[in-house]
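Student: Following is a predicted model, sequence given first.
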Amino acid sequence: MINTTFTHIIVGAGSAGCLLANRLSSNQANSVLLLESGNWDTGFWTKIPVGYFRTINNLKVTKHTLTEPSDTIAGRSIDWPRGHVVGGSSSVNGLAFIRGQKENFERWAELGLSDWSYNNVLPFFRKLENFSGPESQFHGSLGELKVSELRNHHPYCRAWLDAGLELGIPENRDFNSDQSHGVGTYHLTIGRRFRSSSATAFLRPALKRKNLVVLTKANVQKLLITDGQVTGINFVHNSSFKSVQASSEVILSAGAIGSPKILQLSGIGPGKILSNLNIPVIVDRPAVGGNLQDHYQMRTIVELIKRDSMNDHVRNPFTVISMGLKWVLTGTGPLTVGAGNVGGGVRTKLSVNGQPDIQFNVMPLSTDRPGQPLHKYSGFTAAAWQCHPESRGRSDIISSDPSKDTRIQPNYLSESIDQQTLVEGIKILREIYQQPSFKNLWDKEMIPGSNYQTDEQILDAAKNMGGTVYHYAGTCRMGVDNAAVVDHRLRVRGVKNLRVVDASIMPEITSANINAPTLMIAEKAADIILNKS
């Protein structure tokens, strides 16, 4: 039996929710209830870094939703997996820790959100981080989240980096500095050996506090709202309906799909959609569920001449044993890899203000999609996505029944600039493959294939073969205008005692992987709440 009243109720124990629970419960005057619809992150594969390739399709720890078919990508639906476990996607993601370009946050400031400029958010990035690399003004060493430099140095990844340098792309030794242009290695959320998720870094150390209660398998039905003030929530736990009150506020940290869903179920959203579902409209806010953004990527895969791909190594039992021993003894090697070893930010001819508009992600392996068996041939993958997509989609409920999935319409490549930029990114990747350091290592382009040469053909390949990078954001847009869902302090407009704290508040998606900026959003939100700043 739990208390029926808490000062703070946090919905969603993902990247943001776990950090918030830690910070808010550090004040003994607060009582915090953290609700998670998934289960505890106890599985073996959620602990070891390379487990990403096993967890991404494991329905015990991920929730999958198919997007609506889209004419802009050849009428296809795309599978959108999300973390459905304590730690959220930070427990199952590809471990890449990239804050995004400095200019991303300067752009937020230009939109009127001066509190979210680069100089204002950098201290919060530093606060949460425990970086094992060289000391730097850009990094923190006292935070809880373990962040590591690359621990697996594959010779062909080094060759790819050298080829990028030969093409004239500069070297970037730290993508988490104030410079994002160049090629280099990525930082990963790894401790000595194991994944450092939001659950392990922030939530577990706080569980000993008596003022923090965590409930898993708790499915929120809707917010309780009286006279324009959020007073609590209804949820289902162990097949029983429960109501809990919040004396201070409710915080939605359910992600870019979950948070707008709860708002809409509670009567905060597009009035026409809600009325058609017989949901009483409390706040008619069309922006709830809109502004949906994601990075859409296209992969290139080449077949290596020498069988030195991870595709080959995992089929050799002696090599597998060696990899396991290396990880156990030194915390390095192939078992420490995530969804990318190396990569870079590059400028196409379409770049605005000199910002990189393409991000590369490179791995010495290949597969049809993460979680699927590696190809039988010796594959090497380099993918490209547009950093600043202009295409916008929506995520809306289709029923007043909370158990029903939402309708997701990503509208990938619906803007011409998105199409052109991605095509230019693929062309640059092909140029890198042809540089002296790499051109003699491979002999055949498997994807998209040598028959895709013109811009029109490359775009056709992207429409038919591309897919998500799992960076869903923007559906509860932060802004200074009255149409925005939340204000600069993340308070939901139109009601009291309600905030949204997760990637859904991004007015514009950051340039690369979004776990790092999502954690920063939570760290800054905690400071706002605790200090009433």
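Tutor: Yes, it's here.
Student: could you pull out the helices for the stretch 101-250 of the chain?
Tutor: Secondary structure of the stretch 101-250 of the chain by DSSP state H, counting those that start in this stretch: the helices cover 102-110, 118-128, 155-166, 198, 204-206.
Student: Give me the distance between Ala522 and Ser322.
Tutor: Between Ala522 and Ser322 the computed distance is 39 Å (CB to CB, to the nearest Å). Glycine gets a C-beta too; all of them are placed from N, C-alpha and C.
Student: Have a look at these two and say which one is more surrounded.
Tutor: More neighbours surround Ala522 than the other of Ala522 and Ser322, with 30 against 14 (other CB atoms under 10 Å).
Student: Doesn't that one belong to a helix?
Tutor: Yes. Counting by DSSP: H, G, I helix; E, B strand; the rest coil, Ala522 is found in a helix.
Student: Begin at 893, not 1, for the rest of this chat.
Tutor: Taking 893 as the first residue, the last one we looked at is Ala1414.
Student: now it, nearest residue through space, not along the chain?
Tutor: In this structure, Ala1414 finds its nearest non-sequential neighbour in Ala908, 3.8 Å apart by CB to CB, 6 or more residues apart in numbering.
Student: Could you do Met1338 as well?
Tutor: Leaving out its chain neighbours, the residue that sits closest to Met1338 by CB to CB, 6+ apart is Ile1193, at 4.5 Å.
Student: Let me know the helix or strand that that neighbour is in.
Tutor: Element membership of Ile1193, judged by DSSP states H and E, is strand 1188-1196.
Student: immediately after that strand, which helix or strand?
Tutor: Note on strand 1188-1196: by DSSP H and E, the next helix or strand toward the C-terminus is helix 1202-1205.
Student: And that following helix, what does it pack against?
Tutor: helix 1209-1222 (3 or more CB pairs under 8 Å, 6 or more residues apart in numbering; DSSP states H and E).
Student: residues in contact with the helix it packs on?
Tutor: Contacts with helix 1209-1222, where a contact means CB atoms under 8 Å, 6 or more residues apart in numbering, come from Ile940, Arg1085, His1205, Val1206, Thr1224, Gly1225, Pro1226, Leu1227, Thr1228.
Student: and if you look at stretch 1336-1356?
Tutor: Residues outside stretch 1336-1356 that contact it (CB under 8 Å, 6+ apart): 964-966, 968, 1188, 1190-1195, 1258, 1267, 1269, 1271, 1305, 1311-1312, 1314-1315, 1318-1319, 1322, 1325, 1357.
Student: again, but for stretch 988-999
Tutor: 1008-1010, 1012-1013, 1017, 1039, 1067-1068, 1070-1072, 1078-1081, 1230-1232, 1237, 1245, 1247-1248, 1253, 1279, 1400, 1402-1409, 1412.
Student: thinking again about what came up before, output the contacts of helix 1209-1222 as a markdown table; include the columns neighbour count.
Tutor: Below are the contacts of helix 1209-1222 laid out as a markdown table (neighbours: other CB atoms under 10 Å):
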| residue | neighbour count |
| --- | --- |
| Ile940 | 17 |
| Arg1085 | 17 |
| His1205 | 20 |
| Val1206 | 17 |
| Thr1224 | 17 |
| Gly1225 | 20 |
| Pro1226 | 23 |
| Leu1227 | 20 |
| Thr1228 | 25 |
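Student: From those, which land in strands?
Tutor: Nothing among the contacts of helix 1209-1222 maps onto strands, per DSSP state E.
Student: Looking at these, which is nearest Leu1059?
Tutor: Ranked by distance to Leu1059 (CB to CB), the contacts of helix 1209-1222 are led by Pro1226 at 27.1 Å.
Student: Quick check, the closest one in contact with Ser1201.
Tutor: No. Using CB atoms under 8 Å, Pro1226 makes no contact with Ser1201, being 11.1 Å away.
Student: Any buried residues in stretch 1102-1112, and which?
Tutor: Using 16 or more other CB atoms under 10 Å as the test for burial, stretch 1102-1112 gives Asn1103, Leu1104, Val1105, Val1106, Leu1107, Thr1108, Ala1110, Val1112.
Student: What are the boundaries of the strands in the stretch 943-1092 of the chain?
Tutor: Assigned by DSSP state E, counting those that start in this stretch, the stretch 943-1092 of the chain shows strands spanning 954-958, 971-975, 1021-1023, 1037-1039, 1074-1077.
Student: Contact partners for Arg915?
Tutor: By CB under 8 Å, 6+ apart, the contact set of Arg915 is Phe1094, Ala1414, Glu1415, Ala1418, Asp1419, Leu1422.
Student: Reduced to three states, what does it come out as?
Tutor: Under three-state DSSP, Arg915 comes out as helix.
Student: Quick one: buried ones out of the contacts of Arg915?
Tutor: The buried subset of the contacts of Arg915 (16+ other CB under 10 Å) comprises Phe1094, Ala1414, Glu1415, Ala1418.
Student: what would those look like in a markdown table with pLDDT and distance to Thr1346?
Tutor: Below are the buried ones among the contacts of Arg915 laid out as a markdown table (pLDDT from 0 to 100; distance: CB to CB, whole Å):
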| residue | pLDDT | distance to Thr1346 |
| --- | --- | --- |
| Phe1094 | 98 | 49 |
| Ala1414 | 98 | 45 |
| Glu1415 | 98 | 47 |
| Ala1418 | 98 | 51 |
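Student: Which SSE is immediately downstream of the biggest strand by length in the chain?
Tutor: Longest among the strand segments of the chain by residue count, using DSSP E, is strand 1132-1144. The helix or strand immediately downstream of strand 1132-1144 is helix 1147-1157, counting by DSSP H and E.
Student: What pairs with the next helix-or-strand element following that next one, parallel or antiparallel?
Tutor: Next helix or strand after helix 1147-1157 toward the C-terminus (DSSP H and E): strand 1160-1161. Sheet pairing of strand 1160-1161 (DSSP bridges) gives strand 1175-1176 (parallel).
Student: now the strand it pairs with: how far from the chain's centre is it?
Tutor: Centroid displacement of strand 1175-1176 relative to its chain, using CA atoms, centre = their mean, to the nearest Å, is 28 Å.
Student: What are the contacting residues of that strand?
Tutor: When contacts are defined by CB under 8 Å, 6+ apart, strand 1175-1176 is touched by residues Gly1159, Ile1160, Gly1161, Pro1162, Gly1163, Val1384, Arg1385, Gly1386, Val1387.
Student: Give the residue spans of the protein that score low on pLDDT.
Tutor: Applying pLDDT under 70 to the chain flags residues 893, 1425.
Student: again, only using 80
Tutor: Residues of the chain meeting the criterion pLDDT under 80: 893-895, 1425.
Student: separation between Leu987 and Leu1020?
Tutor: Leu987 sits at a distance of 16 Å from Leu1020 (criterion: CB to CB).
Student: I meant to write Gly1246 there.
Tutor: 29 Å.
Student: who has more neighbours, these two?
Tutor: Leu1020 (25 against 9).
Student: Not counting its neighbours along the chain, what's nearest that one?
Tutor: Nearest residue to Leu1020 in three dimensions, chain neighbours excluded: Gly1035, at 4.4 Å (CB to CB, 6+ apart).
Student: ok, the one you found - how many residues close by?
Tutor: For Gly1035, the neighbour count with other CB under 10 Å is 20.
Student: ok, the strand holding Ile1193: who's next to it in the sheet?
Tutor: Strand 1188-1196 sits in its sheet next to strand 1271-1278 (antiparallel), strand 1334-1339 (antiparallel), strand 1359-1360 (antiparallel), going by DSSP bridges.
Student: ok, the residue nearest to Tyr1078 when sequence neighbours are not counted - how many residues close by?
Tutor: Nearest residue to Tyr1078, sequence neighbours excluded (CB to CB, 6+ apart): Ala988, at 5.2 Å. The tally of other residues near Ala988 (other CB under 10 Å) stands at 23.
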